[in-house]
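A.B. asks: attaching a predicted model along with its sequence, questions to come.
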Amino acid sequence: MLPSQLHQCDSIFAGRFLMGDCSRSPFFLGSIITIIMIIGLLSFACSSSNVAAPSSTTVTQTSTGIGLTILPPSQTPKTTSSPSSVSTTVTTTAPPTWETATDPAVNVHVNIPSIVSSGTDFVAGIAIGQVNHLVAYQFRLTYDPAVIQISGSEGGDGVAGGTVGSLTMPIDLWMFSPAGQQGTMDIIGHFRGTQETSGTGDITEIHFHVIGNSGSSSDVKLSRVELFNAQIQLLNTTVASGSVSIGQ
C-alpha cells in the first residue's frame, strides 16, 4: 500500500470516530483528541480496505468540543478561474456515506444491577452480542449525576476496557460532556495494527459510586453507538439502555 493510501485510511478512521455523522451536533472530546487519534491511527493497517477516502476534511473548535466536516469526493472544494484571473472557491458539504456491513445486527446493551445501596459501588458493563472482526467503537452514556457518578477523575480508571472474545478492548480516550461535568460521558477506542476480535463480551466496564438516597433511581442511557469491522464498515446494531434503583 502506498503511503498516500495509508494516510487516506487513517483519515477515514479519525473522521468517523471523532465525530460520527456530520449531521449530528459536535460529538465530543477536546481538540487534543485530534492529535492523539491522527498519531494513533497512522499505525492501523488498512490493507484489506477498498473504501474511498473523503477528499478533504475541516476541523473546527466549538464551545462544546470539536467539529469535523468530511467532504465526499464528489463534493470537494472546487476552484475555477475567470478570464480576469480572479479565483473563486465554492465549497459544498454533505453528510458522508459510509459502507455498512451486511452482517446481522449486533446487540449492544447496558448490563447493570437493578437495585444497589446508597454509598456503595457497582460496575455497569457495555455488553455486546456476537460480533465479527471488531476493530473500533464509540458510544455515549448518559445518567443522573445526582444519583450515581463515575468513580475517580475524568479520563481515569473509572472506565476500563472489557473483554470481547479473547482480547481486552482498548480505550483511546473518554471524557465528560461538557468537560468536567458528570452526567454524560463519551468514549472512543480502536485496536492498533492488525488486531481485531470476534465473539461476545463487554466493550467497557464503567465503575459507579452511588450518591443518591434510598428510593431514587437513574436511567443509564446508551446512544451514538458505532462499531467498525476490519474492512472499515459500520456494523448494524440494536441498542438497549438500562436503569438502576437505590434500595436500603
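C.D. replies: Structure's in. What do you need?

A.B. asks: quick check: bridge partners of the closest residue to residue 165 other than its chain neighbours?
C.D. replies: Nearest non-adjacent residue to residue 165, counting by CB to CB, 6 or more residues apart in numbering: residue 199, 3.1 Å away. Where you see a C-beta, it was placed from the backbone N, CA and C, and this is true even at glycine. Taking DSSP bridges as the rule, residue 199 bridges to residue 131.

A.B. asks: tell me, how many residues neighbour residue 199?
C.D. replies: Look at residue 199: counted by other CB atoms under 10 Å, it has 15 neighbours.

A.B. asks: now swap in residue 119 and tell me
C.D. replies: If we define neighbours as other CB under 10 Å, then residue 119 has 11 of them.

A.B. asks: how close does residue 205 get to residue 159?
C.D. replies: Distance, residue 205 to residue 159, using CB to CB, to the nearest Å: 7 Å.

A.B. asks: neighbour-wise, which of those two wins?
C.D. replies: residue 159 (23 against 18).

A.B. asks: does that one touch residue 172 like I think?
C.D. replies: No - the criterion here is CB atoms under 8 Å, and residue 159 misses it with residue 172 at 11.5 Å.

A.B. asks: and the gap between the residue nearest to residue 165 and residue 128?
C.D. replies: As defined by CB to CB, residue 199 lies at a distance of 9 Å from residue 128.

A.B. asks: same thing with residue 220?
C.D. replies: Counting by CB to CB, the gap from residue 220 to residue 128 is 16 Å.

A.B. asks: more neighbours: which of those two?
C.D. replies: Higher neighbour count among residue 220 and residue 128: residue 128, with 25 against 20, using other CB under 10 Å.

A.B. asks: wait, isn't the residue nearest to residue 165 in contact with residue 162?
C.D. replies: No - at 11.6 Å, residue 199 does not count as touching residue 162 under the criterion of CB under 8 Å.

A.B. asks: who's in contact with the nearest residue to residue 132 once chain neighbours are set aside?
C.D. replies: In space, and not counting its chain neighbours, residue 132 is closest to residue 198: 4.8 Å by CB to CB, 6+ apart. Neighbour list for residue 198: 130, 131, 132, 133, 134, 165 [criterion: CB atoms under 8 Å, 6 or more residues apart in numbering].

A.B. asks: thank you kindly, that will do.
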